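Engineer: A structural model of the following input is requested.
(2 chains)
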Amino acid sequence: DAGITQSPRHKVTETGTPVTLRCHQTENHRYMYWYRQDPGHGLRLIHYSYGVKDTDKGEVSDGYSVSRSKTEDFLLTLESATSSQTSVYFCAISGRQGSPLHFGNGTRLTVT
Amino acid sequence: DQQVKQNSPSLSVQEGRISILNCDYTNSMFDYFLWYKKYPAEGPTFLISISSIKDKNEDGRFTVFLNKSAKHLSLHIVPSQPGDSAVYFCAARKDSGAGSYQLTFGKGTKLSVIP
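Structural biologist: Here you go, the predicted model:
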């Protein structure tokens, strides 16, 4: 398995509170991604990073921000959580251009 | 607008028989296609892929077929085994610049292999 750790694995939070999810990799891969998985939608890209401090938006980036201050960590922040952000969040990494993504085991987030 | 479609939410197959999972896409800019398998409470794992310049790729029991003119691909699993029971996601890739690429996923098909 690719060395990807997502934390926390489960979180319950209240509407309006800030939440940060962490993705940590030990593969020294350049590219990192955040996806969310929802019933009836498959996986949708939130944000991605192509290097330290280099990030860009995906198709469902509203309400989310990211930061990558070092190669191994990619943080996803919900500034003010809403119930529509209840989802399972997956981090993915890839090392070479064109190589398949390897996913972490996900974070299940519930916003009440 | 859904660019990658998996129209069958679920599929049941007898052990030992062939499983065929289908996927359609609409964006001609996709240059690479992948299949991922996902078990409950785990992340998706890469299964097999195919470049848009090919029409077939085989890896053991798994074969992916691509029909570019029809914008259709399929995953064949022969013979199917109970351990193949999972959700299968079709994904299509396009270049997003800066050396990275974005994957667009279908909604997934849940395969159940019956012993």
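
Engineer: give me the local confidence score for residue 1.
Structural biologist: Going with chain A. Note for A:D1: predicted pLDDT of 54.

Engineer: my question was about chain B, not that one.
Structural biologist: On the pLDDT scale, B:D1 gets 70.

Engineer: could you pull up the residues touching A:D38?
Structural biologist: The contact partners of A:D38, by C-beta atoms under 8 Å, 6 or more residues apart in numbering or on different chains, come to A:R44, A:S87, A:V88. Heads up, the C-betas are built off the backbone N, CA and C, glycines and all.

Engineer: dig out what the residue in chain A positioned nearest to chain B forms beta bridges with.
Structural biologist: Closest to chain B within chain A is A:F103: 3.3 Å, counting by C-beta to the nearest C-beta. Counting by DSSP bridges, A:F103 is bridged to A:A92.

Engineer: what is the neighbour count of it?
Structural biologist: 24 (other C-beta atoms under 10 Å in any protein chain shown).

Engineer: ok, it touching B:T45?
Structural biologist: Yes - counting by C-beta atoms under 8 Å, B:T45 is a contact partner of A:F103 at 7.2 Å.

Engineer: and the contacts of A:D38 near chain B, which?
Structural biologist: A:R44 (C-beta under 8 Å from any C-beta of the partner chain).

Engineer: re earlier: identify the contacts common to A:F103 and B:T45.
Structural biologist: Contacts common to A:F103 and B:T45, judged by C-beta under 8 Å, 6+ apart, are B:Y36.

Engineer: and the residue of chain B nearest chain A?
Structural biologist: Counting by C-beta to the nearest C-beta, chain B gets nearest chain A through B:G43, at 3.3 Å.

Engineer: which secondary structure state does that residue sit in?
Structural biologist: Three-state assignment for B:G43 (DSSP: H, G, I helix; E, B strand; the rest coil): coil.

Engineer: pull the contacting residues for it.
Structural biologist: Going by C-beta under 8 Å, 6+ apart, B:G43 touches A:I4, A:F90, A:A92, A:F103, A:G104, A:N105, A:G106.

Engineer: what subset of the residues you listed is buried?
Structural biologist: Buried members of these, counted by 16 or more other C-beta atoms under 10 Å in any protein chain shown: A:I4, A:F90, A:A92, A:F103, A:G104, A:G106.

Engineer: my guess is B:F89 contacts B:T45. True?
Structural biologist: No - counting by C-beta under 8 Å, B:F89 stays clear of B:T45, with 10.2 Å between them.

Engineer: what is in contact with those two at once?
Structural biologist: Shared contacts of B:F89 and B:T45, defined by C-beta under 8 Å, 6+ apart, comprise B:Y36, B:K37, B:K38.

Engineer: distance to B:D84 and pLDDT for the contacts of B:G43 - can I get that in CSV?
Structural biologist: Listed next are the contacts of B:G43 as CSV, based on distance: C-beta to C-beta, whole Å; pLDDT from 0 to 100:
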residue, distance to B:D84, pLDDT
A:I4, 24, 96
A:F90, 21, 97
A:A92, 22, 95
A:F103, 19, 95
A:G104, 23, 96
A:N105, 20, 95
A:G106, 21, 97
